[in-house]
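A.B. asks: got a predicted model here, sequence first, then my questions.
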Number of protein chains: 2
Amino acid sequence: MVSEHLRFPVVCFVGRKNSGKTTLMEKVIAGLTAAGHRVAAVKHDAHRFEIDHPGKDSYRFQAAGADTTVISSPQKTAVVLRHQEEMPLESILARFVEGVDIVLAEGYKASPFPKIEVHRKATGEPLIHPAPRGLIAVATDERVDTAVPQLDIHDSECLVELIQEKYLGRS
Amino acid sequence: MVSEHLRFPVVCFVGRKNSGKTTLMEKVIAGLTAAGHRVAAVKHDAHRFEIDHPGKDSYRFQAAGADTTVISSPQKTAVVLRHQEEMPLESILARFVEGVDIVLAEGYKASPFPKIEVHRKATGEPLIHPAPRGLIAVATDERVDTAVPQLDIHDSECLVELIQEKYLGRS
């Protein structure tokens, strides 16, 4: 399920609030990186995040009215873009991601990419219903009613293996 | 002097350390924005900057090994990219900037784009020598020895006009 226009597979981690998406994705990134894969991570944030701070030069440029601000050092480049409406995941990938083997995304449950739902009993909420398009597995800490494979949320290695097998030709 | 591959003019603000580049650029961004132009700002940082912070999700993904991290909300998208060597300004512009009328860059004195040198007497240092390629003006608080026009560093409006005339068809 690699998109025709992208040169890398994309897997989305979806789930209810506080289900542990970020923590699991962090572990899977570490596992894939340790296996030698180059990974990009994209997080959807429904709220207003602050990545830049008053007094910093890039913040000053943005406060002065710049739509796009970039700060670039020999080791790192950061870009902050203001826009009027949600940027689709496809646009983010096409514009900002290159030179990686795989992309893991947090959120984007309506996107066309394969998905892993993260579920924890403690949230007190059921799985997302109806199941997101492209759901390939559920990472959970309890048995749930689903047609796709269920993996132990605490066993991120198992998920790393699944992703490698399905999307990275098992390096 | 618009590059063949770019759809917008680029002007670099160069000068010695503490000459006031950032402050002047901030004022010019505000002036151009007030005149209705869409501006992108790019800053070259010779040092290691921190834009992301421990505990933030994008920081966690990067710490876990992601080369590229993106966080995107309805209003804003931020991208942090790690790399092994300096990204040339041309690559930054091609990859990250679109939909603006003009780009102002801080630094990049060896780039092929037109430049304004910012100079302040208090730094105790002479102008950059030899003059950067493409130097079009010096913004200064004292008379200096240069073949290009000298503008008052405190009169950012004058610089906004110059940039509009030369690169934006004076909106």
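C.D. replies: Looks like it came in fine. Numbering: from 1, shown residues only, chains lettered A, B, ... in the order given.

A.B. asks: where does chain A have its least confident helix or strand?
C.D. replies: helix A:57-63 (a mean of 89; mean pLDDT, DSSP states H and E).

A.B. asks: what residues are up against the residue nearest to the spatial centre of chain A?
C.D. replies: The centre of chain A sits closest to A:Ala105, judged by C-alpha atoms, centre = their mean, with a distance of 1.5 Å. By C-beta atoms under 8 Å, 6 or more residues apart in numbering or on different chains, the residues touching A:Ala105 are A:Val10, A:Val11, A:Cys12, A:Phe13, A:Ala41, A:Val42, A:Lys43, A:His44, A:Leu89, A:Ser111, A:Phe113. Glycine gets a C-beta too; all of them are placed from N, C-alpha and C.

A.B. asks: format these as CSV; extra columns: distance to chain B and pLDDT.
C.D. replies: Shown next, in CSV, are the contacts of A:Ala105 (distance: C-beta to the nearest C-beta, whole Å; pLDDT from 0 to 100):
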residue, distance to chain B, pLDDT
A:Val10, 12, 98
A:Val11, 13, 98
A:Cys12, 13, 98
A:Phe13, 11, 98
A:Ala41, 4, 98
A:Val42, 4, 97
A:Lys43, 5, 95
A:His44, 6, 95
A:Leu89, 8, 96
A:Ser111, 12, 95
A:Phe113, 14, 97
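
A.B. asks: let me know the outermost residue of chain A.
C.D. replies: Largest centroid distance in chain A under C-alpha atoms, centre = their mean is A:Ala64 at 31.3 Å.

A.B. asks: pLDDT score assigned to that residue?
C.D. replies: pLDDT for A:Ala64: 96.

A.B. asks: phi and psi next, for A:Thr123.
C.D. replies: Dihedral pair for A:Thr123: phi -70, psi -20, per degrees, to the nearest 10.

A.B. asks: please apply the same query to A:Pro130.
C.D. replies: phi -70, psi 160.

A.B. asks: who's in contact with it?
C.D. replies: Applying C-beta under 8 Å, 6+ apart, no residues qualify as near A:Pro130.

A.B. asks: same deal with the one 10 residues further on?
C.D. replies: The contact partners of A:Thr140, by C-beta under 8 Å, 6+ apart, come to A:Val118, A:His119, A:Arg120, A:Lys121, A:Gln150, A:Leu151, A:Asp152, A:Ile153.

A.B. asks: how many neighbours does the residue nearest to it when sequence neighbours are not counted have?
C.D. replies: Of all residues beyond its chain neighbours, the one nearest A:Thr140 is A:His119 (4.2 Å), with distances taken as C-beta to C-beta, 6 or more residues apart in numbering or on different chains. Close neighbours of A:His119, defined as other C-beta atoms under 10 Å in any protein chain shown, add up to 23.

A.B. asks: do A:Val42 as well
C.D. replies: Using other C-beta under 10 Å: A:Val42 sits among 27 other residues.

A.B. asks: cool, A:His47 as well?
C.D. replies: That count, for A:His47 with other C-beta under 10 Å as the rule, works out to 7.

A.B. asks: from B:Asp57, how far off is it?
C.D. replies: Computed as C-beta to C-beta, to the nearest Å, the A:His47 to B:Asp57 distance reads 12 Å.
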